[in-house]
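*Asks:* sequence below, structure please.
(chains A and B)
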2 protein chains.
Amino acid sequence: MADHGVLIAIGGHEDKEGDREILKEVARRLDGGVLVLATVASHEPEGYFEAYEDAFKDLGVTELRELYVHERTETSDPDKLALFDGAAGVFFTGGDQLRISSQIGDTPVESRVRDVLSRGGVIAGTSAGASMMSETMLVRGSNQESYRIGDLHMAPGLGLVRDMIIDQHFAERGRIGRLLGAVAHNPRVLGVGIDEDTAAIIEGRRMTVMGAGAVYVVDGTDSSHSNIAEGSTQQALSMHDVKLHVLSAGDSFDLRRRRPEAARED
Amino acid sequence: MADHGVLIAIGGHEDKEGDREILKEVARRLDGGVLVLATVASHEPEGYFEAYEDAFKDLGVTELRELYVHERTETSDPDKLALFDGAAGVFFTGGDQLRISSQIGDTPVESRVRDVLSRGGVIAGTSAGASMMSETMLVRGSNQESYRIGDLHMAPGLGLVRDMIIDQHFAERGRIGRLLGAVAHNPRVLGVGIDEDTAAIIEGRRMTVMGAGAVYVVDGTDSSHSNIAEGSTQQALSMHDVKLHVLSAGDSFDLRRRRPEAARED
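*Replies:* The predicted model follows:
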C-alpha cells in the first residue's frame, strides 16, 4: 500500500495521441501543478521529453521539467534538486528499471521523489517506471514461457508501494508465467500485472483500474503448494490454489483485504 | 472427464528427436499395438506422416497407419474405416481443429475413434488435435492480449472429454487471456491450457502432467463476478476470484473434485 499521495502505475504504451485517457488522469490529479518528467530509466533519453511535451499539451499541465542523471554523482546537484521545487508530481518514463534504482536509489533525488508523494502529490510511471515502484522489483524473466525455477532476476526497487510486485506490458508479452514465479518466492507480495495503455491507480489501500486493457492480480496467500524451493533449476513451476483476479476499467481492489470490487454500472 | 481409455492432450511441438518423452509415453500405452495417425487437421498433410514415422521409430509401435480425409464423403469409405481394425490408439496431428470437427464430426470415422477409446485405447492429439477433444472447443481468439468481450470463436468439438475446454501452445503464445474469457462464458467448463512439449494425460477423473512445461488449470466455479454478459464488445474482461493451478511434471488433478495433487518427491 502507498502511504500518502497517489501512485499511477502504467503498463507501458499509454495512448499519447488519441484520447490520452491515462495522461489526462495524471494531468487532472496535478491540478495545474508542475510535473517533473524523469527520463532516468533510459540510456539515451533524447526525444522522450519532447514526446511527452506533445502528449501533455492541452491537458492543463502548466510546466513540464526534465530530470535526467548520467551518473549517481549528479543526484546531489542543486540544479537537479531544484527541479522538484513546488512540483505536484513526477512521471517516470520507460526504459530499464535497474537504471532508475541504481542511479537514484538512496540519493537526494530519491528523497525529493518521496517528498512529492508524502505531501500528497502524484508519482506516475510507465513500463520500467511502474516496475521500479515495487519493493522487490522484477528486472528480467522470460516472456511467453512458463516460469522455470531460477529464471528470474529480481532487485530492490524504490519501494513506493509495499507488499507488491508490479509487472508491465503484461498480456502483450505473455508475462503471467514470470509473475506467478515471482509471487511463488514469497506470497507476501501481491503480483500485479498491468497491460499496455492501462493503469493501476493506488491511493492508500485502494487500487483502481483505468484504460484499455486489464490488470491481473495474483494472490498466492492461500496457495497450498509450490515447488519453488525444491525444484531444480529449469524445472517448470508448480503452484496450486492461486487466486487470480482480472480487473478492467472501473474495477477496484482493496489492498489490505485483498478483495476486488466490480465497476459500478452506470 | 473421459469415460474409458486414455486421452493424451499435448500442447504442440512435442519433442520428436531427443528424449521424445511424450511420444514414448504414447507408445508405451499402446503396448505394442497399432497406431492410427490422423492428419485430418491439416489442409496439406504431406510430410506429417513421415515425420511421425521417424519420431516413433524404435519406440515399439508395431504399425503406424495414416488416416486422412479430403471430404466428409470419404469418412464412410470402407478402406478408411478398416484402418481402425485392431487399432490400440489414434494420434491426431496439428493444424486446424475446425478441420477435424467439420470433416469427421458425426461420421463413421468419429465412431471408430470413440470405439478405440471405449475399448480402453489411447486417443492422443497435439495442438489442434488436443483442442478438438473439448466439448465446446476454442477455435480462434487473440494471443498476447487480455480477453476482449466478443473476441473469441468457439465451436462444438468432438467432446471426448466433458466439462473441459483445452487450449494449447499456452504460455508460448500468451493465451491466458483467451482461456479466462472462454471459462467466463460458463464456469461449468474447466479451462486447461497446455504448454508446448507438455501433455495432460486424462484417465477417468484423473489428469496427470508430463513434459517440459506446465499445464494451467483455470477454475471459475467460485468466481464472484464477470462482465462477460454485461460488457460491450471490445471491452476488456473483468473476472474476480478465479482459482488458478499451475501443474508441472508429475502433478495431477482430480477432475471430479477439481483438486490438484503435487508430484511425489523421490
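
*Asks:* got a list of what the closest residue to chain B within chain A touches?
*Replies:* Among the residues of chain A, A:Gly174 lies closest to chain B, at 3.0 Å counting by CB to the nearest CB. Yep, even glycine has a C-beta here, placed from its N, CA and C like the rest. In this structure, A:Gly174 makes contact with A:143-145, B:143-144, B:171-174, B:176, judged by CB atoms under 8 Å, 6 or more residues apart in numbering or on different chains.

*Asks:* any chance of those residues in a markdown table with secondary structure and pLDDT as columns?
*Replies:* Supplementary listing: the contacts of A:Gly174 in a markdown table, determined by DSSP: H, G, I helix; E, B strand; the rest coil; pLDDT from 0 to 100:
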| residue | secondary structure | pLDDT |
| --- | --- | --- |
| A:Asn143 | coil | 93 |
| A:Gln144 | coil | 93 |
| A:Glu145 | coil | 92 |
| B:Asn143 | coil | 92 |
| B:Gln144 | coil | 92 |
| B:Ala171 | coil | 97 |
| B:Glu172 | coil | 96 |
| B:Arg173 | coil | 96 |
| B:Gly174 | coil | 96 |
| B:Ile176 | helix | 96 |
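
*Asks:* show me which pair in those residues is furthest apart.
*Replies:* Pairwise distances across the contacts of A:Gly174 peak at 13.7 Å for A:Glu145 and B:Asn143 (criterion: CB to CB).

*Asks:* compare neighbour counts for those two and give me the winner.
*Replies:* Between A:Glu145 and B:Asn143, counting by other CB atoms under 10 Å in any protein chain shown, A:Glu145 is the more crowded of the two (20 against 16).

*Asks:* and that one, how far is that from A:Val218?
*Replies:* 16 Å (CB to CB, to the nearest Å).

*Asks:* nearest spatial neighbour of the residue of chain A closest to chain B, chain-adjacent residues omitted?
*Replies:* Taking CB to CB, 6 or more residues apart in numbering or on different chains, and ignoring the residues beside it in sequence, A:Gly174 has B:Gly174 as its nearest neighbour in space, at 3.0 Å.

*Asks:* now swap in A:Glu66 and tell me
*Replies:* Leaving aside its chain neighbours, A:Glu66 sits nearest to A:Phe49 (4.4 Å; criterion: CB to CB, 6+ apart).

*Asks:* now that neighbour: phi and psi?
*Replies:* A:Phe49 adopts backbone torsions of phi -60, psi -50, taken as degrees, to the nearest 10.

*Asks:* okay but it is in contact with A:Leu37, surely?
*Replies:* Yes. Using CB atoms under 8 Å, A:Phe49 makes contact with A:Leu37 at a distance of 5.8 Å.

*Asks:* these two: which is more packed in?
*Replies:* Neighbours around A:Phe49 and A:Leu37, counted as other CB under 10 Å, are more numerous at A:Leu37. The numbers are 24 against 17.

*Asks:* helices of the stretch 101-250 of chain A, start to end?
*Replies:* For the stretch 101-250 of chain A, the helices identified by DSSP state H, counting those that start in this stretch occupy A:108-118, A:128-131, A:176-185, in order along the chain.

*Asks:* hang on, the earlier thing: can you redo the contacts of A:Gly174 as TSV with distance to B:Pro78?
*Replies:* Written out in TSV, the entries for the contacts of A:Gly174 read as follows (distance: CB to CB, whole Å):
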residue	distance to B:Pro78
A:Asn143	50
A:Gln144	46
A:Glu145	47
B:Asn143	42
B:Gln144	46
B:Ala171	43
B:Glu172	41
B:Arg173	40
B:Gly174	45
B:Ile176	45
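
*Asks:* can you show me the strands along the stretch 151-266 of chain A?
*Replies:* For the stretch 151-266 of chain A, the strands defined by DSSP state E, counting those that start in this stretch occupy A:152-156, A:164-167, A:190-194, A:198-203, A:206-211, A:214-219, A:225-226, A:239-248, A:252-254, A:259-261.

*Asks:* near chain B, which residues of the stretch 101-250 of chain A are found?
*Replies:* Residues of the stretch 101-250 of chain A lying near chain B by CB under 8 Å from any CB of the partner chain: A:143-147, A:170-174, A:176-177, A:180, A:195, A:198, A:212-214, A:218, A:224-225, A:227, A:230-231, A:235-249.

*Asks:* ok, now with 6 Å
*Replies:* Residues of the stretch 101-250 of chain A lying close to chain B by CB under 6 Å from any CB of the partner chain are A:144-146, A:171-172, A:174, A:176-177, A:180, A:195, A:213-214, A:225, A:236-240, A:242, A:244-246, A:248.

*Asks:* filter those residues to the buried ones?
*Replies:* Among these, those scoring as buried are A:144-146, A:171-172, A:174, A:176-177, A:180, A:195, A:213-214, A:225, A:236-240, A:242, A:244-246, A:248 (criterion: 16 or more other CB atoms under 10 Å in any protein chain shown).

*Asks:* check contacts around A:Gly177.
*Replies:* Residues touching A:Gly177, when contacts are defined by CB atoms under 6 Å, 6 or more residues apart in numbering or on different chains, comprise A:145-147, B:171.

*Asks:* ok, which pair from those residues is furthest apart?
*Replies:* Put simply, by CB to CB the two of the contacts of A:Gly177 set farthest apart are A:Tyr147 and B:Ala171, 8.6 Å from each other.

*Asks:* got the contact list for the nearest residue to A:Ala212 once chain neighbours are set aside?
*Replies:* Spatially, and ignoring its direct neighbours in sequence, A:Ala212 is nearest to A:Asp197 (4.4 Å; CB to CB, 6+ apart). The contact partners of A:Asp197, by CB under 6 Å, 6+ apart, come to A:13-15, A:211-212.
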